[in-house]
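[1] model this:
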Amino acid sequence: MNSFIFDYYDPIYSILLLILIATVIALVSQGWIVYKKEKSTKNLYSFLDKFDDTSCELEERDVPFDAGMQKPLLLLARAFEQSGDYAKSINIFLYLIRHSKDDELLVYLGKIYLKAGFLQRAEEIFVQLLKRHPRRKDVLYQLELIYETLGDFESAKETIDVIEAQGGSVKLIREYLKYLEIKGDRNLNSAEKIERLKEILLKSDEFFRIVIKELFLIDSKSAWEMLNSSRVEDILDILWYLPESKLQLDIILSDDILSCIYFARGDINHSPKSDSRIFAIDILSKARESGYTQGDISFLYLCKSCKNSFPISFERCPNCMEINSIKVEETLEKRREKRGDSLL
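    Modelled structure (predicted):
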């Protein structure tokens, strides 16, 4: 009888034991996850303590933190960033991060450090974030930009490989890195650089402006040979500020648009056969034909991505860091006594 009862309850005991073991394992696993998360969060923010605390003007004793302060302080920090006062913007972000432990604020802080030129601090922030969020492509893009700026092209390539593995778009960045490597390679002589730059230009016209500009620096003859007159508006500022010593008159005189540009600038004397269809150039050409020679052109550089404007040319937008997003806009003005220096 006892044996029968034991045999009857044995499966029930086994099931209860399995449930108990599973429950213990689940509780231990959950506890471990919570512990790891807390430790990760602590590590993520505690490393900020090694940054100079004296740089943070907002101190707890002076400005006690309140949750309602976060939004107005964030707007203030962004206003300081837009005005270029990165130190004040960083101060506010450090204050907010220490009290709110918000990862998005940490991402923004890293971007500001990058803009301000504190590359090591920016790198530390993004590396710490990736330990916690290894699949964040926006953070990986920022890290690639840091390595690119430092000239650490191998690390930059490794980073975009990770981005590509996660489905991110890296084709333009990969080609841009190739261009930067050629540009900065001291082991290449001028002839080798020219050939490799020509290969980039023949493969894709996406880098027409920056490659032509680099070719004008190295060998103006090669630049004129590769110049596509249908893309003149993309490099009008480069052509306009080109020193006379770099002009190739045989090529210029054989092309109507180029003839218009350098007639308007005053380098050739006979009027072009047709208009250039570039408003500022055609106005200056007509003025010169009428005897007025005091006209000139100034240039403004717009980013087609973020719509910001800048007084100087760029390869990556200084604001959104987009590659090849530049749009050159020209404005008529009176010629100054001394023309500005070449862009080259």
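[2] Check residue 5 and give its pLDDT.
    Looking at residue 5, its pLDDT reads 47.
[3] Then the one 3 residues further on?
    Looking at residue 8, its pLDDT reads 48.
[4] Please give me every residue in contact with the closest residue to residue 119 other than its chain neighbours.
    Using CB to CB, 6 or more residues apart in numbering and skipping the chain neighbours, the partner closest in space to residue 119 is residue 146 (5.4 Å). For the C-beta atoms, the positions are set from N, CA and C on the backbone; glycine is no exception. Residues in contact with residue 146 (CB atoms under 8 Å, 6 or more residues apart in numbering) are 114, 119, 122-123, 126.
[5] Report the two of the residues you listed separated the most.
    Maximum pairwise distance in the contacts of residue 146, criterion CB to CB, is 10.5 Å, between 119 and 126.
[6] wait, is the residue nearest to residue 119 part of a helix?
    Yes - per DSSP: H, G, I helix; E, B strand; the rest coil, residue 146 lies within a helix segment.
[7] Can you give me the distance of it to residue 302?
    Applying CB to CB, to the nearest Å, the value for residue 146 to residue 302 is 26 Å.
[8] Low-confidence ranges, the chain, go.
    By pLDDT under 70, the low-scoring segments of the chain are 1-18, 20-22, 24-63, 337-344.
[9] Alpha carbons only: can I get the host helix or strand of residue 183 in PDB?
    Assigned by DSSP states H and E, residue 183 belongs to helix 171-184. C-alpha atoms of helix 171-184 as PDB (Å, rounded to 0.1, in the frame of the first residue of the first chain):
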ATOM      1  CA  LYS A 171      28.800  53.300 -49.600                       C
ATOM      2  CA  LEU A 172      29.300  57.100 -49.600                       C
ATOM      3  CA  ILE A 173      31.400  57.000 -46.400                       C
ATOM      4  CA  ARG A 174      33.600  54.200 -47.800                       C
ATOM      5  CA  GLU A 175      34.300  56.100 -51.000                       C
ATOM      6  CA  TYR A 176      35.000  59.300 -49.000                       C
ATOM      7  CA  LEU A 177      37.500  57.400 -46.700                       C
ATOM      8  CA  LYS A 178      39.200  56.100 -49.900                       C
ATOM      9  CA  TYR A 179      39.600  59.700 -51.100                       C
ATOM     10  CA  LEU A 180      40.900  60.900 -47.700                       C
ATOM     11  CA  GLU A 181      43.400  58.100 -47.600                       C
ATOM     12  CA  ILE A 182      44.800  59.000 -51.000                       C
ATOM     13  CA  LYS A 183      44.900  62.700 -50.100                       C
ATOM     14  CA  GLY A 184      46.800  62.100 -46.900                       C
END
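[10] Name the residues of that helix that come out as buried.
    With burial defined by 16 or more other CB atoms under 10 Å, the residues of helix 171-184 counted as buried are 173, 175-183.
[11] pretty sure residue 111 is touching residue 142, no?
    Yes - with contacts counted by CB atoms under 8 Å, residue 111 reaches residue 142, the gap being 6.4 Å.
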